[in-house]
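> missing the sequence, but the structure's below:
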């Protein structure tokens, strides 16, 4: 019984070998990915064109798979081909070797300047890479490498995929790949060797040929010829013989006050260091055969001067320091500061003054003192420095962030009228040096929401930018701003217009600070006109003379045909009773009674018609009053209240809060019709006996409809009536007309209270922190930077730079048009401007090195300039004529000079005169004799060996073989692709 029970116990130890292992699952996942990407079968494209690896478009697809818990990423790299090339994708061709094997022999794209490393090593147009997903993961052990390679081989065999499949092994920085490609009866193995130290026998062509032949192991006695392509790369790093042409700014001149307004209006430009760090010369022998050339450890025929192909690339300095970029970046940093002006400069000037007159007796004595009469004959230059004197009363000169000379220079630049005895008007000056047309300039400040380039705001932004960079940083900015604010108050109190601002209401297309300054100028204009009118025309105003009143109240205010002035938004505060203290009524009660205002409200047309007309501007063409036939006169009206965008926003919020009720709607209509009521009163005063129809015919002609009708006598006559909307019950126009009294504009309450608005603007300016100020002015600084870049680009005339500048303008207009743009987006704009500056600096550096300006022949100069522009735009540029061409001779001379500086101990005698240089380069024999010292040892040696031989047996199919070798000072790599016949072996 015991013997029978033993076999039964062993049944539970049977292993089920039908269950898939982790390895099999991994192979299955690889096959699944290849099927999903439709990489099955053979697809033959057209032969590769020359340079297609660089000029063509490469794309990639990725997926993730895992071997147990180890994750791999699978990536398909492929060159995008025309649809015509892929028509035969589904056709499986039995006798044709895979496309990748054919590409191994293609010589059109050796040594591509910009491509994936596997493309450079093997010349492939399509391949798949399996690599560890995490950067720190690596396949290090040999058994794991072999396991992955086996998986690849099985997957390719099962799917029939003919695209090469690589596996990345070892650490990623080593770029070690092994792989395989399978076709019908053929296979290519991709192998690699990577060494730190180079064996001596492999530093030349003969040693590498020995490796290649031994690896092929061709059994044929006359070995087929081996095709050879060689490239030597020489690096030029020493530019000592060429000084960097960028002149640094003269700090002493700036501090010494010698800088004029022109200098303060300009931004610096250029790189502080050479933006070109290295020049790489690649000398190439594209088609050589084994017997033609000798290159061993004793002798070499590979003379770079004799190379048939030269190509050059430049290595650009990483993030070179650029003046314009630094200027704008440092100014942008102010936006992140939190301190107020008082915290930066210490105690406030206003606080100090307040403490001086804190005693109540001083305050009362000030109230009882007679008001000083302003003396307008004083020089404006005296008042420019008023703020400076106030500040230095409490702060020593040595403590001031800005010294006198710099401050005086800036203030004279900002306020040019301070230099003359007679103040200038407030109109802006034009900059004759501006290379842009008016339309371009308009578009720029309109797009950026900045300010015109000849405006005070724009100049202030440039001055603050320069102060921040050269004179005291943030403290200097706060000091200048404090001076500026005090200057604004002085101009308001003394009726001096602010220069550099266009007249008229605030321009909403500009930045808010510019609008505020324009608003202050409007207030100064109104106050000045009112004060002058009060002094000179008091008697005439009392007698009712309207001519002078018209002059003091501004320009002709004719109404537009289609304009609805009643709908124009006005300051909602104009309805508050608190404005009564600013009532500018110059008449008394008896005059009001004499003019019959009260009778006009209650009495009939006859009483109204007896009123004396006042406030007439001029007669309106042929129009007459409908009821008495008197000519219709256009009245002098009040100017509508100018508004900045923040006031408009505030007003719209107040109107929105009134709600949709009937009472709210009525109140909203009243608030919006303040200007309408004022114009109605002016119209009644100018046209006694008029009716609403008369007013509508002038103010809104579309609301008075005239039709031809036949009268009782049978004649065609014009009959007019108000439009339908004017006849609506409780119409706002009718209500306003009934409440309007015949009062001329000069005796009405002001629609625009310039005193209060000016104080609001001055308070707004005074409380601005440097960070707020920088936010306001940053669009102006970016605007100035773009203008500077455009000006410098015009000298270089580069199409690629023009394109980038257009992109910057488009991007900036989108970002700056919205309030409070994000810091990240602003940094992107500044970064783009710096990049353009670096590109232009690189172009100038290369032009200086290649001496484009020294070329006497126009044709040679054009060729050199084209060559330099290609160096900046393309990864690698072919030198026409190689070492014998014009550019080639210059490059040769650069290397010769660098070699002499390196080899000679006496640097003063190192650089030979140009005549000696030409003699030395003139004779081919001499050049050949001295060519060893003309160039340094190659920084990189690349070789590609190709042949087609039967492998592994003599009767096998002849298949392509390829080996790539690269040798640098610290790196040696062999990448081989060896094909073999799997049918006849």
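Yep, that arrived. Everything numeric in this text was worked out from a predicted model, so none of it was measured. Numbering: from 1, shown residues only.
> when you work out contacts or count neighbours from here on, use the C-alpha atoms and nothing else.
Will do.
> for this protein, what helix or strand is lowest in average pLDDT?
Least confident helix or strand of the chain, by mean pLDDT, DSSP states H and E, is helix 546-552 with a mean of 35.
> helix, strand or coil for residue 719?
With DSSP: H, G, I helix; E, B strand; the rest coil as the basis, residue 719 sits in strand.
> then residue 72?
Assignment for residue 72 (three-state DSSP): strand.
> got a list of what it touches?
64, 65, 66, 130, 131, 132, 133, 134 (CA atoms under 8 Å, 6 or more residues apart in numbering).
> in strands, which of those fall?
If you go by DSSP state E, these have 64, 65, 66, 130, 131, 132 in strands.
> list of residues touching stretch 335-348?
With CA under 8 Å, 6+ apart as the test, stretch 335-348 has contacts from 474, 475, 478, 479, 482, 768, 769, 770, 771, 772, 774, 775.
> in the stretch 851-985 of the chain, what spans have low per-residue confidence?
Scanning the stretch 851-985 of the chain for pLDDT under 70 picks out 903-933.
> kindly recompute the last result at 50.
The model of the stretch 851-985 of the chain has pLDDT under 50 over residues 905-932.
> on that earlier part again, how about the contacts of stretch 335-348 in JSON lines, adding neighbour count and pLDDT?
Formatted as JSON lines, these follow (neighbours: other CA atoms under 10 Å; pLDDT from 0 to 100):
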{"residue": "474", "neighbour count": "25", "pLDDT": "87"}
{"residue": "475", "neighbour count": "20", "pLDDT": "87"}
{"residue": "478", "neighbour count": "29", "pLDDT": "89"}
{"residue": "479", "neighbour count": "24", "pLDDT": "89"}
{"residue": "482", "neighbour count": "23", "pLDDT": "89"}
{"residue": "768", "neighbour count": "18", "pLDDT": "89"}
{"residue": "769", "neighbour count": "22", "pLDDT": "88"}
{"residue": "770", "neighbour count": "24", "pLDDT": "89"}
{"residue": "771", "neighbour count": "22", "pLDDT": "89"}
{"residue": "772", "neighbour count": "17", "pLDDT": "90"}
{"residue": "774", "neighbour count": "24", "pLDDT": "90"}
{"residue": "775", "neighbour count": "21", "pLDDT": "90"}
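> can you redo the residues you listed as CSV with distance to residue 165?
Output for the contacts of stretch 335-348, formatted as CSV (distance: CA to CA, whole Å):
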residue, distance to residue 165
474, 60
475, 64
478, 65
479, 68
482, 70
768, 65
769, 63
770, 61
771, 58
772, 59
774, 57
775, 55
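> where exactly do the strands run in the stretch 601-750 of the chain?
In the stretch 601-750 of the chain, the segments counted as strands under DSSP state E, counting those that start in this stretch are 616-624, 631-635, 704-710, 716-722.
> among those, which is the most enclosed?
Sort the strands of the stretch 601-750 of the chain by mean neighbour count, taking mean count of other CA atoms under 10 Å, and strand 631-635 sits at the top with a mean of 23.
> what's the spacing between it and its chain's center?
Here strand 631-635 is found 55 Å from its chain centre; the criterion is CA atoms, centre = their mean, to the nearest Å.
> do stretch 751-769 as well
The answer for stretch 751-769 is 34 Å, by CA atoms, centre = their mean.
> please renumber the chain so that the first residue is 770 from this point on.
All right, first residue 770 from here; so that's stretch 1520-1538.
> on that earlier part again, which one of the strands of the stretch 1370-1519 of the chain lies closest to residue 1733?
strand 1473-1479 (91.2 Å; CA to CA).
> what does that closest one contact?
Under CA under 8 Å, 6+ apart, the answer for strand 1473-1479 is 1462, 1465, 1466, 1485, 1486, 1487, 1488, 1489, 1490, 1491, 1492.
> in a markdown table: the residues you listed, plus pLDDT and distance to residue 802.
Putting those into a markdown table (pLDDT from 0 to 100; distance: CA to CA, whole Å) gives the following:
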| residue | pLDDT | distance to residue 802 |
| --- | --- | --- |
| 1462 | 85 | 84 |
| 1465 | 87 | 80 |
| 1466 | 84 | 81 |
| 1485 | 69 | 91 |
| 1486 | 70 | 90 |
| 1487 | 72 | 87 |
| 1488 | 75 | 86 |
| 1489 | 79 | 84 |
| 1490 | 80 | 82 |
| 1491 | 83 | 80 |
| 1492 | 81 | 76 |
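> Throw these into TSV and include distance to residue 964, thanks.
Compiled in TSV, these are given as follows (distance: CA to CA, whole Å):
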residue	distance to residue 964
1462	100
1465	95
1466	96
1485	109
1486	108
1487	105
1488	105
1489	102
1490	101
1491	98
1492	95
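> re the thing from before, could I get the ones in strands among the contacts of residue 841 as CSV with neighbour count, distance to residue 1298 and pLDDT?
Conversion of these to CSV gives the following (neighbours: other CA atoms under 10 Å; distance: CA to CA, whole Å; pLDDT from 0 to 100):
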residue, neighbour count, distance to residue 1298, pLDDT
833, 16, 79, 94
834, 18, 82, 93
835, 16, 85, 92
899, 24, 83, 95
900, 22, 81, 94
901, 23, 81, 93
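> tell me the one of these nearest residue 1394?
When those are compared against residue 1394 (criterion: CA to CA), the nearest one is residue 833, at 88.2 Å.
> which residue comes closest to that closest one once chain neighbours are left out?
residue 842 (4.5 Å; CA to CA, 6 or more residues apart in numbering).
> ok, what's across the strand from that neighbour?
residue 833, residue 900 (DSSP bridges).
> neighbouring contacts of the strand ranked longest in the chain?
Across the chain, the longest stretch assigned as strand under DSSP E is strand 1045-1058. Residues external to strand 1045-1058 that are found in contact with it (CA under 8 Å, 6+ apart): 876, 879, 994-1006, 1073, 1076-1086, 1611, 1614-1615.
> one more: stretch 1563-1583?
By CA under 8 Å, 6+ apart, the list of residues contacting stretch 1563-1583 reads 1213, 1216-1218, 1555, 1558-1559, 1562, 1598, 1601-1602, 1605, 1608-1609, 1612, 1638, 1642.
> buried subset of these, written for ChimeraX?
Only the buried entries of the contacts of stretch 1563-1583 go into this ChimeraX selection, using 16 or more other CA atoms under 10 Å:
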select :1213,1216,1217,1218,1555,1558,1559,1562,1598,1601,1602,1605,1608,1609,1612,1638
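> now, the contacts of stretch 1563-1583 that are in helices?
1213, 1216-1217, 1555, 1558-1559, 1562, 1598, 1601-1602, 1605, 1608-1609, 1612, 1638, 1642 (DSSP state H).
> what are the bridge partners for the nearest residue to residue 974 once chain neighbours are set aside, then?
Distance criterion CA to CA, 6+ apart; nearest residue to residue 974, sequence neighbours excluded, is residue 1064 at 5.4 Å. Beta-bridge pairing for residue 1064 (DSSP bridges): residue 1069.
> against residue 1730, how distant is residue 1064?
As judged by CA to CA, to the nearest Å, residue 1064 and residue 1730 stand 22 Å apart.
> who has more neighbours, these two?
The residue with more neighbours, out of residue 1064 and residue 1730, is residue 1730; 26 against 14, by other CA atoms under 10 Å.
> which SS class is that one?
Quick answer, by three-state DSSP: residue 1730 is strand.
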